[in-house]
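Asker: Just to be clear, the model below is a prediction. Sequence and coordinates:
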Amino acid sequence: MNVAVIGGGAVGVTAALELAARDVGVTVYERHAIGDGSASSGRAAGLCYDAYAGRIDANVGERALSRFKEWSGEGGFEFTPCPYVWLARSGDKKRAAAVREQAARMQEHGRAVSLVSADDLADRYPALRVEDIAVAAIAENAGYTEPAEYTRSIADRAATAGATIRTETPATLRSRGTVIETATGRESFDAVLVAAGAHTKRVLVEIDVPIPLKPYRVQALTTDPTEIDAPMLFDGTGGYYLRPHEDGLFVGDGTEPIERDPDDWSHSADDWFVEAVDTYTRTAIGRTLATDDAWAGLCTATPDGDPLLGEIVPGVFVAAGWQGHGFMRAPALGATVAEQLLDGAGIDAFDPNRFEGSESFEIVEGMAIE
Ligand SMILES: Cc1cc2nc3c(=O)[nH]c(=O)nc-3n(C[C@H](O)[C@H](O)[C@H](O)COP(=O)(O)OP(=O)(O)OC[C@H]3O[C@@H](n4cnc5c(N)ncnc54)[C@H](O)[C@@H]3O)c2cc1C
C-alpha cells in the first residue's frame with residue numbers, strides 16, 4: 001500500500017510514523033519546512049492533558065499522553081509532566097458549577113482529577129493568587145512540550161521508519177482524489193490523507209469535496225524569565241491560559257470567532273492582547289511580566305466542535321478540525337486515522353461524513369468552561 005499525506009504538521013507526521021512503522025509506503029508533502037511557524041504546530045502552546053468530560057475525548061487524551069511520555073527524550077523533544085489546573089473565580093457561578101460537574105464526569109471516566117481548595121493550591125503553588133478562586137480542579141495526568149520540536153522529532157522518526165518527507169513541496173489533489181500534483185509532476189497513491197490544518201478545506205475543494213471547517217485566529221506570548229513555579233492553568237472566568245516556559249510563562253488567550261482566510265491573516269499579536277496579558281498575569285500571580293515574544297496562529301472549528309477524522313470519499317481521508325486541541329491529541333488521532341487507512345475502526349462521533357459540508361455555523365471557543 002502506498003499512502004500520501006498532505007501536511008507535515010503534528011497530525012500528518014504522526015500518522016506517517018504510524019503507517020511507516022507498519023511497513024506502509026508513505027510520502028509526506030509539506031509545502032514549507034517541518035515544524036516551522038507557518039503551521040499551527042509551530043505556533044502552539046503544547047498543553048497536553050486528558051482532562052476531558054466526554055468519555056471519547058478522555059480516552060483520546062489518555063492515549064495521546066501515553067505516547068508523548070513513551071516518545072519523550074528519544075531525539076529532539078521532551079515531555080515535561082506538569083499538573084493542569086482550571087478554575088472559576090468568585091461571582092462566576094455558572095463556571096464554578098461547570099468546573100464541579102466536569103471534574104465529577106472526568107472522575108467517572110477514571111481520570112486523575114480532583115477538586116482542590118484555594119488553600120491547598122496555594123500550598124502547592126505559592127506564587128498563585130488564590131484569594132478569589134471560587135472552584136478549582138486539578139488534573140495530574142498532564143504536561144507540556146514544544147510542539148515544533150515534537151513535529152520535527154516525529155518526522156525524523158517517520159523517515160527512519162521508511163517514510164519519504166518532501167518539504168517545500170505544495171501538493172494539490174487531482175480529480176481522481178488519490179492523484180497528487182506537485183511542481184514536478186503527478187503521482188498516484190492507493191490512499192491520501194489530508195492533514196493540512198487550516199488549509200484542509202482548500203485542499204479538498206480541489207476535488208469538489210466540501211467540508212464545514214473554519215480557520216480562526218488565536219494569540220499567545222512568552223514572558224521574560226521569572227522565578228515562578230506555576231502549574232498549567234486555565235482561568236475560565238478570565239478566559240486565558242498559561243504554562244511554565246523556559247523560566248518564564250507562556251500565556252494564551254481564547255478565540256477571535258471570525259473565519260480567516262488561511263493565506264491572508266495577521267501573524268502578529270494585537271496590542272489589545274499584549275495589554276490584556278498584563279491583566280491575566282496580575283490576576284494569576286499578582287505580577288506584571290515583561291513580554292519576550294508575542295504572535296498569533298490559526299485553529300480550526302467545526303459545527304459541533306468535534307474533529308473531522310476518517311475516510312470522506314473513497315481513498316481520501318481527512319484529519320482536521322481540532323478546535324484548539326489538535327496538538328495534544330495528535331499522537332492518538334494520528335494513530336487512529338492511520339489505523340482507519342488500514343481498515344481499522346475509527347471514532348463514530350468524528351465521522352467526517354456526518355455533515356453536508358455546506359452548513360453555516362458559528363465559531364465557538366475551543367478552550368472554555370461552559
Ligand atoms: C497560539 C496557539 C496555541 C495553541 N495551543 C495548543 C495547545 O496548547 N494544545 C493543543 O492541543 N493545541 C493547541 N493549538 C492548536 C494546535 O496548534 C493545532 O490544533 C495543531 O497544531 C494542528 O496540527 P495539524 O497537523 O492538524 O495542522 P498544522 O500544524 O497546521 O499542519 C498542517 C500542515 O499542512 C501544510 N500544508 C497545508 N496545505 C498544504 C498543501 N497544499 N501541500 C502541502 N502541505 C500543506 C502546512 O504548511 C502545515 O505544515 C494551539 C494553536 C495556536 C495557534
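Answerer: Perfect, thanks for sending it.
Asker: how close does the closest residue to Tyr29 other than its chain neighbours get to Glu30?
Answerer: Nearest in space to Tyr29, with sequence neighbours left out and distances taken as Cβ to Cβ, 6 or more residues apart in numbering, is Ala171 at 3.7 Å. To be clear about C-beta, it is placed using only N, CA and C from the backbone, and glycine gets the same treatment. Separation of Ala171 from Glu30 (Cβ to Cβ, to the nearest Å): 9 Å.
Asker: cool, and Gly110?
Answerer: Gly110 is 37 Å from Glu30, by Cβ to Cβ.
Asker: Which one's more surrounded, those two?
Answerer: Taking neighbours as other Cβ atoms under 10 Å, Gly110 and Glu30 compare with Glu30 leading, 27 against 12.
Asker: what sits against the more buried one?
Answerer: 7-8, 12, 165-169 (Cβ atoms under 8 Å, 6 or more residues apart in numbering).
Asker: And Thr200, by the same measure?
Answerer: 7, 194, 211, 213, 300, 308, 318, 320-321 are the contacts of Thr200 under Cβ under 8 Å, 6+ apart.
Asker: Same question for Asp278.
Answerer: Applying Cβ under 8 Å, 6+ apart to Asp278 gives the contacts Thr288.
Asker: And the contacts of Glu30, which is closest to the ligand?
Answerer: Nearest to the ligand out of the contacts of Glu30 is Gly7 (Cβ to the nearest ligand atom; 2.9 Å).
Asker: wait, isn't the closest one in contact with Arg202?
Answerer: No - assessed by Cβ atoms under 8 Å, Gly7 is found out of contact with Arg202, at 11.4 Å.
Asker: so where is the stretch 151-300 of the chain shaky, pLDDT-wise?
Answerer: 254 (pLDDT under 70).
Asker: residues from it in reach of the ligand?
Answerer: Counting by Cβ under 6 Å from any ligand atom, the residues of the stretch 151-300 of the chain close to the ligand are 170-171, 195-199, 203, 218, 220, 252, 297-299.
Asker: Please narrow these to those residing in strands.
Answerer: 218, 220, 252, 297-299 (DSSP state E).
Asker: which of those residues sit farthest apart?
Answerer: The two members of those with the most space between them (Cβ to Cβ) are Gly252 and Leu298, at 13.4 Å.
Asker: just checking, Gly37 is part of a strand?
Answerer: No - counting by DSSP: H, G, I helix; E, B strand; the rest coil, Gly37 is not found in a strand; it is coil.
Asker: list the contacts for it?
Answerer: Applying Cβ under 8 Å, 6+ apart, one finds that Gly37 lies in contact with 43, 148, 267, 295.
Asker: So which of those residues wins on neighbours?
Answerer: Comparing those by number of neighbours (other Cβ under 10 Å), Ala148 comes first, having 23 neighbours.
Asker: Now do the same contact list for it.
Answerer: Ala148 is in contact with 35-37, 41-42, counting by Cβ under 8 Å, 6+ apart.
Asker: which of these tops the neighbour count?
Answerer: Busiest of the contacts of Ala148 [other Cβ under 10 Å] is Ser41, holding 29 neighbours.
Asker: so who does the residue of the stretch 51-200 of the chain found nearest the ligand touch?
Answerer: Nearest residue of the stretch 51-200 of the chain to the ligand (Cβ to the nearest ligand atom) works out as Gly197 at 2.3 Å. If you count contacts by Cβ under 8 Å, 6+ apart, Gly197 has them with 7, 9, 11, 39-41, 262, 298, 300, 320, 326.
Asker: Now, those that are in helices?
Answerer: 11, 326 (DSSP state H).
Asker: farthest-separated two in the contacts of Gly197?
Answerer: Within the contacts of Gly197, Val11 and Pro262 form the most distant pair, 15.6 Å apart (Cβ to Cβ).
Asker: Those two: which has the busier surroundings?
Answerer: A side-by-side neighbour count of Val11 and Pro262, using other Cβ under 10 Å, places Val11 first with 31 against 18.
Asker: ok, and what's touching stretch 303-311?
Answerer: 200, 211-213, 302, 317-323, 326, 329, 333, 336-337, 340, 346-347, 349-353, 355, 359, 361, 364, 366.
Asker: repeat that with 7 Å
Answerer: 211-213, 302, 317-323, 333, 336-337, 340, 346-347, 349-352, 355, 359, 361, 364 (Cβ atoms under 7 Å, 6 or more residues apart in numbering).
Asker: before we move on, what about stretch 242-260?
Answerer: If you take Cβ under 7 Å, 6+ apart as the criterion, stretch 242-260 is touched by 45, 47, 82, 144, 214-226, 228, 230, 232-233, 239-241, 273, 276-277, 280-281, 284, 289, 292, 298, 362-363, 365-368.
Asker: coming back round to it: can I get the buried part of the contacts of Glu30 as one ChimeraX selection?
Answerer: Listed next is the ChimeraX selection for buried residues among the contacts of Glu30, using 16 or more other Cβ atoms under 10 Å:
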select :7,8,12,165,166,169
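Asker: Which members of the contacts of Glu30 are the farthest-apart pair?
Answerer: That would be Gly12 and Glu168, which, of these, are the farthest apart (Cβ to Cβ) at 15.1 Å.
Asker: Remind me which helix or strand Arg157 belongs to.
Answerer: Applying DSSP states H and E as the criterion places Arg157 in helix 147-160.
Asker: And the next helix or strand past that helix?
Answerer: Using DSSP H and E, the first helix or strand after helix 147-160 is strand 164-166.
Asker: what's next to that following strand, contact-wise?
Answerer: Here strand 164-166 makes contact (Cβ under 7 Å, 6+ apart) with 8, 26-30, 34, 155, 158-159.
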